[in-house]
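[1] the sequence isn't on hand, but the structure is:
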């Protein structure tokens, strides 16, 4: 075995390019999986763990489901005999430019002796008693580009706070982008005297707490918190997971195609080894060992790359999570040994599984077969195997069609993609045949015919390539299609000329009346949102007929719904709400209002992308009555045709000190801005998969060139000029790229359709109107062809530039 | 080994090391200790000073004294279980005032920090159980009035003629009733206890030297009925220690003959005894006599080195000619060492007559200023 | 007297840069039309190098190779290749068929390269003569060694080259097959009046030829 290993070591030395490609292929796939896994964990683990890192990991939380917790509860509990260590916490969101920060205000003296903030430490001393003293971790300090002692200017609901960084706390990533303050200072600064967000306690005290707690308060354990954070970001994580698994599949195709090709190259060597008495088992062991070593090293590199990748891309995920779910995730990934080990193992096992076919083929090499050619076993085009890809496609489609939950849809998509992968080589060969026929008898046709003769060898490369290209393009199309849908929706919905909001203070009914009387204004709309416990929203609308026309009805009769809603008896629900609660028009929906539970009829379902938690819309007066809330978040102004904008602005300025007018166009832009930031991560992953595709393509093409060196030399020997040979090589590489692209086009449409019609509704609850954006294909098709040409140019130049004699001799 | 194998192995090792480094847990921050001596020697303007004797009145002076920098309520005691085994305990409330800060619109705004130290010495297994808690002087989380001294759910309440001490921690708890068997003693000059060259280097100090104690002690799941004697020290002031005074050795001894002895040996940086050291001798009838620094001599007879390398004088030879005492004090066991926010040693000791080696009493020893902090 | 088909003058070829090996040294050779010459020599004597130089697939360090009056060495590479395609046929020891093309496509190659596809009927003629007609649509990998060499011979002759270069044409064949192929080779070269330069160390193969030369120390001699 030592000699065998030595032989394969020398082989890789002579072919460092092959070695590198195999390593890069596996590393790229593993990197994406690792990176996404790490980012997913950040979305679940770190969202709510800031206080845990202060008060200990195994905690329960006392909350008031009705809203803020009265601090008197803390006093009561803490002074009751047998009280555990309790930590009172007030948390809120702060804004620093585009960045969302979390204010975590605690009583440092209530922290246990093992907390990272010592109750008797200097940090505590610096924090307590000073109105604007704040503390951050070293990492946050660097991220915010601050030094201790400097002042940080943040916004809190339209109010500007000046915070002085008085100390640096030694905390992990869970405290990233957290501003830690003393409870007294925070209550003072953000005007929330008497209020706590929750009380944190060791979970061992659950029983005691349950006995002591007043009726209206509840206890939430770590699992429940994790679950609710997880469910908030489920859609986003599902998207990421799907992408990462697909990337791994593509990476595995790459390693398979490389290893299969390596076998081909060494067929002669293996034949000779067999001839001198090396057993089949030893040959297989050697190949398995090579795979193991390559996969191990590649996967290791992939773990490193993936960690770097996650670190680099994390902000692409954190930003939308902060904007959409108001949650500040930690800014650093927290890899664990378990995660690393399992990804590594997965990669190695899957690499071994993927080369099983190669091992079987190695078994078939008879001893002493010295011919360099590979016996192309007759493609068995009859029976089961011919139908398998179609069976997989139909099976996957059926799974997707029949289920309402997300994981089976992803599984179905995976099955369909496997079908595609199987279909790609056969389809590609069919295309080549057609192309050869059309090309007649010239150089192109001959080159293509020569290419087709090794279709089995090319199959993995074509599969990998077309899948990777399709995935890139499909995701791109889905995002663009989604964006167009959102644009359409927001353009319909936002139909007032300009919107008034105030950054400090509130708008109320009196303001609405005042504005309605202004001569520049013809009509008004106004709205007020209230967040329910489960994260869904209730919105009270005062709408005019024009604004009503902005709804796009997905279910129910719009006109009848309007009448029912205006009567106060019925509500409208958004599509995610309808899906979550399984609501249809005519169903009843109970809402817990300030004045108790009230039962409503669901009048209609309308299109909405503002929150995937779901939203219930009701008429304004009914909302104000039930929630005793006269405020408005914004007022939409419909201006008279000849309205004097300057005069209007002056009125606003004199009436509302912090009033702000936002035009229809900029509301649209802001909405699309949030959308674009949400999907930047998808773009990044699509580009990564595209890169893997490029690697697969280059690897396949270079392999092609290497494999055919002798053939090319013979062609030169019988008199094919250099340019002719270059033409052959270029034709072959370009047509390989072309068939991969050609097969990728239908696959990408399929992926786009499944993502848009099945994955999005199940992940987020909303459907997307299916459109067919052509831009991703317009980029990828020429790009792949260009790579085809470029990757052919080098071997063409190299092979054609040499005298054929040495290559023939080397045979 | 081949060069290529070496290179690959090195790269692999580097990658694994890098990955392992990524999975590291953030390091625990260094322990920060509260410097009680520091708190007691730096006063500053805003606090009231103790400069001369002022008449005290009870029960008013049991309550906290606002305006002073520090104040404590300090119980120590030796207990016996029904099986005749030794236990010792300490329960202390400290209050440290902070200089007035900004006016904050919050009930959590505070002008003082409270610390409670609770410890149990289990002589049977030579185990020491310490517990420490903090609270701010807000929302009634901690405080002291005439009848009740508390921090969260740890409290001492005065009912009738007795003090009821209740404090629970995870692995141990105390529920004791303490009844004074002799009158309260004003230390120093009518409670004016001078400790340094400046008349302001002083505190207000009174003790109840002998409290008959009974109740229960819980250790783990085991609840033991106990009986014994306790000592209460009450002290408050600002800037009490002189600048070069680093700590003290404090002895509270209950002698079998009915006398109680308190010695407070104040040390300079170089380890020598300050002339401002003092003591008190209390007789069974309640009468008492001030002991000046030159009236007694205490020399270390045994040092103990803790895990950090700090040395603690646990056993002493003490001579008080005017009381006809030539005794040795011995720690019941060594590890009664506090390593919370304050690094000190507080534990039960035996009193032995040097002349005949007989045990003639028990007490508590407090050593401060020897540790790291 | 007619111009010789192949004329080699003072040909020199060295390999290696440090302590170069002088493979061919002032070698001179001339072949008349229709003449069949065998060059014999032990392994490593430079036979194949001579053949590669004669085919213009390698460039000499000194001396010249003229075929049909054209100095091959003076031609730029593309023309040399075109010249080879037009005037030279090659038969290799290990056949060098293009595995990814069928037998017919392999034979067709030279016609295509010479833009002479109008002569495709020659493929069948040759195939009949060489007894490989039933194999025309097969891929070379399915063929036996003898069949492969016959295909190679057809490919070498289909475009009616002025000069046929053969490198140990029976070297990869067993005795019986080799005899068959040689007989065929003999018949067909005579029939087509082919000028042949064959390098071999096989006496039977050499015996087909009009003249047998020996390559020793980089030079040719008659015995």
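    Yep, that arrived. All values derive from a computational prediction rather than experimental measurement. Numbering: from 1, shown residues only, chains lettered A, B, ... in the order given.
[2] my read: residue A:93 touches residue A:103, true?
    Yes. In this structure, residue A:93 is within contact of residue A:103 by CB atoms under 8 Å, at 7.1 Å. The way it works is simple: take the backbone N, C-alpha and C, and place the C-beta from them, glycine included.
[3] my read: residue B:269 touches residue B:246, true?
    Yes. If you go by CB under 8 Å, residue B:269 and residue B:246 touch, sitting 5.2 Å apart.
[4] how far does the strand or helix carrying residue A:754 sit from the chain's center?
    Element membership for residue A:754 (DSSP states H and E) is helix A:722-754. Taking the mean of its C-alpha atoms, helix A:722-754 sits 28 Å from the chain's own mean (CA atoms, centre = their mean, to the nearest Å).
[5] same question for stretch A:559-571.
    Put simply, stretch A:559-571 sits 38 Å off its chain's centre (CA atoms, centre = their mean).
[6] and what of stretch B:80-94?
    Using CA atoms, centre = their mean, the offset of stretch B:80-94 from its chain centre is 14 Å.
[7] and residue A:93 and residue A:103? Which one has more around it.
    Neighbours per residue (other CB atoms under 10 Å in any protein chain shown) separate residue A:93 from residue A:103, with residue A:103 holding more: 23 against 16.
[8] wait, is the more buried one part of a helix?
    No. Under DSSP: H, G, I helix; E, B strand; the rest coil, residue A:103 falls outside any helix and is assigned strand.
[9] and it, bridged to which residues?
    Counting by DSSP bridges, residue A:103 forms beta bridges with residue A:92, residue A:179.
[10] more neighbours, residue B:269 and residue B:246?
    It is residue B:246, of residue B:269 and residue B:246, that has more neighbours when counted by other CB under 10 Å, with 19 against 11.
[11] on the three-state scheme, residue 11 is what?
    Since no chain was named, I'll use chain A. Here residue A:11 takes the helix state, with states given by three-state DSSP.
[12] wait, chain C was what I had in mind.
    strand.
[13] what comes into contact with stretch A:754-769?
    Residues outside stretch A:754-769 that contact it (CB atoms under 8 Å, 6 or more residues apart in numbering or on different chains): A:234-236, A:238-239, A:242, A:400-401, A:404-406, A:409-410, A:412-413, A:416, A:474-475, A:478, A:481-482, A:484-485, A:488, A:554, A:574-577, A:579-580, A:607-609, A:612, A:614, A:770.
[14] please enumerate the shared neighbours of residue A:93 and residue A:103.
    Taking CB under 8 Å, 6+ apart as the criterion, residue A:93 and residue A:103 both touch residue A:156.
[15] how far away is the nearest residue to residue B:246 once chain neighbours are set aside from chain C?
    Nearest non-adjacent residue to residue B:246, counting by CB to CB, 6 or more residues apart in numbering or on different chains: residue B:369, 4.4 Å away. Distance of residue B:369 to chain C, given as CB to the nearest CB, to the nearest Å: 84 Å.
[16] what of residue B:252?
    98 Å.
[17] ditto for residue A:108
    Between residue A:108 and chain C the computed distance is 77 Å (CB to the nearest CB).
[18] and for residue A:97, the neighbour number?
    9.
[19] so who does it touch?
    Residue A:97 neighbours (CB under 8 Å, 6+ apart): none.
[20] so for stretch A:357-366, what gets flagged as buried?
    By 16 or more other CB atoms under 10 Å in any protein chain shown, the buried positions in stretch A:357-366 come out as A:358-359, A:361-362, A:365.
[21] the biggest strand by length in chain B near chain A anywhere?
    Determined from DSSP state E, the single longest strand within chain B is strand B:202-219. No. Strand B:202-219 lies apart from chain A when judged by CB under 8 Å from any CB of the partner chain; the minimum separation is 11.7 Å.
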